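[1] attaching a predicted model along with its sequence, questions to come.
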Amino acid sequence: MATAAARSLLCVHFPTQISPAEGESASLRAFAKSLPSHGLSAVPHSCKSVTNRRSSGANGSSSRRRQPVMAAAGDGATTKKCRITLLPGDGIGPEIMAVAVRLLKALGDLEGITFEFQEALVGGAAIDEFGVPLPESTLATCRDSDAVLLAAIGGYKWDTLPADLRPERGLLGLRAGLGAFANLRPATVFPQLIEASSLKREVVEGVDIMVVRELTGGIYFGQPKGFGQDAEGNRTGFNTMIYAVPEIDRIARVGFEAARKRSGRLCSVEKSNVLEVSQLWRERVTAIGAEEYPDVELSHMYVDNAAMQLIRNPRQFDTIVTGNIFGDILSDEASMLTGSIGMLPSASIGSDGPGIYEPVHGSAPDIAGQDKANPMAQVLSAAMMLRYGLNLPRGADLLEAAVMSALESGYRTGDIASPGTEVIGCSKMSDVLLEKLHEAHAKLS
């Protein structure tokens, strides 16, 4: 099974309900019961379950009992057929996606799971092919899937394009098109990588933070926006930071549910001392807490102070809920407490439609094609997809165990290297992870 550190990072009390199949381990059952249930669904299009019913009950009739997801293929075993849209994107994206797909295919063979992969273009790759960062065909393909696995978007090549045609617009459009309004990004320090953090051990040891970020509102999407001219004739640029009550309420509930299943502490981050939109945010988060979550300890913090406190004393935080632009900045800051952004996955979910699972890191065009990329965050994103998007907790355990075993064995890519470890490239790490996956499966069989 995955180590405690892996489970701390990836079993992140995700705010959706997981229903464990009969026969699953007690630990999985206990974890599933601990998950909040608030109406959000990361499994809107359940993978098709196909049960081999050649085995019969005592009376000779076919058994109708639901078989465990983790059962080996064979008589009476439940198999699953899952359709996954792959978005390799740009830069190192295709390299790290290839590693994740290789492991998923191997996992499918080991566990009797059929993964149907369909690939589509997004970001710079889509611009080169179609002239837009998010083609309608890509969005349609994503909607017609059980989950979306994304690698990375962007690169220097497209930096000079008009803002509405840059690769990042593809990601924003994808989130909006799939209704993925909540982004959950864990920032948990791996014991094996604690020395890789730029902060002192005594500051980061034991850090376990969940940042819940609103994704589809705020200043990135607010209208009006554009360019204009002031009264003196000076050229101006402007954006609108706006939130409606329903947008605030739904992300607040995600934050409260996540906090309730963690330590019961939620910190709402805003800038209500100067922004009216933040004053409404604080008002609604306070009301939701008082009316629906009196058991959760709620605190408020201005975003500038939160940015400082994340460096000064990160262990004071457990769950943070915040708006789009503040969450964009703070979640990146929190991720660097861990030592490398190359190790962290994320999930973006909505009330319906498939979830989007992607690494926190960017496309790293400076090392693309050089076999230097770290594929671990992509693999861990695939694990999050299995656990929360496809209801395959055993498969997630196996991928997480493979990553942790590779770290325990001293293998590192360049971004997480430290004295006494073996530095390898992306392709070699793929081989190591595949070997560790088979080892983990053998231990559980």
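    Perfect, I can see it now.

[2] list phi and psi for residue 183.
    The phi and psi values for residue 183, taken as degrees, to the nearest 10, are phi -110, psi 130.

[3] lowest-confidence helix or strand of this protein?
    When each helix and strand of the chain is scored by mean pLDDT, DSSP states H and E, helix 26-34 comes last, with a mean of 30.

[4] can you give me the helices in the stretch 101-250 of the chain?
    In the stretch 101-250 of the chain, the segments counted as helices under DSSP state H, counting those that start in this stretch are 124-130, 136-143, 167-177, 201-204, 245-260.

[5] distance of the most centrally placed residue in the chain from residue 157?
    With distances taken as Cα atoms, centre = their mean, the residue of the chain nearest its centroid is residue 346 (1.8 Å). Distance, residue 346 to residue 157, by Cβ to Cβ, to the nearest Å: 24 Å. No exception for glycine: its C-beta is placed from N, CA and C like everyone else's.

[6] check residue 422 too.
    Taking Cβ to Cβ as the measure, residue 422 falls 33 Å from residue 157.

[7] which of those two has more neighbours?
    For residue 422 versus residue 157, neighbours defined as other Cβ atoms under 10 Å are more numerous around residue 157 (14 against 11).

[8] list the buried ones in the top strand by length along the chain?
    Longest strand in the chain, counting residues (DSSP state E): strand 78-89. Across strand 78-89, burial judged by 16 or more other Cβ atoms under 10 Å covers 78-80, 82-89.

[9] returning to that earlier point: wait, which of the helices of the stretch 101-250 of the chain is closest to residue 188?
    helix 201-204 (10.2 Å; Cβ to Cβ).

[10] ok, and what's touching that closest one?
    Applying Cβ atoms under 8 Å, 6 or more residues apart in numbering, the external contacts of helix 201-204 come out as 189, 194-195, 197, 313-314, 337-339.

[11] how far out from the middle of the chain is that helix?
    On the basis of Cα atoms, centre = their mean, to the nearest Å, helix 201-204 sits 25 Å off its chain's mean C-alpha point.

[12] go on, stretch 96-111?
    18 Å.

[13] how many other residues sit next to the nearest residue to residue 363 once chain neighbours are set aside?
    Nearest non-adjacent residue to residue 363, counting by Cβ to Cβ, 6 or more residues apart in numbering: residue 91, 2.8 Å away. Neighbour count for residue 91, taken as other Cβ under 10 Å: 29.

[14] hang on, isn't residue 91 packed against residue 372?
    No. Shown here, residue 91 and residue 372 do not form a contact pair, counting by Cβ atoms under 8 Å, at 11.4 Å.

[15] I'd assumed residue 143 was in contact with residue 120.
    No. If you go by Cβ under 8 Å, residue 120 and residue 143 don't touch, sitting 11.0 Å apart.

[16] wait, what's in contact with residue 98?
    Taking Cβ under 8 Å, 6+ apart, one finds 88, 430 in contact with residue 98.

[17] I meant to write residue 276 there.
    No residues are in contact with residue 276 under the rule Cβ under 8 Å, 6+ apart.

[18] helix or strand: which one has residue 305?
    helix 303-312 (DSSP states H and E).

[19] what packs against that helix?
    Secondary-structure packing of helix 303-312 (3 or more Cβ pairs under 8 Å, 6 or more residues apart in numbering; DSSP states H and E): strand 265-270, strand 319-322, helix 324-336.

[20] sounds good, over and out.
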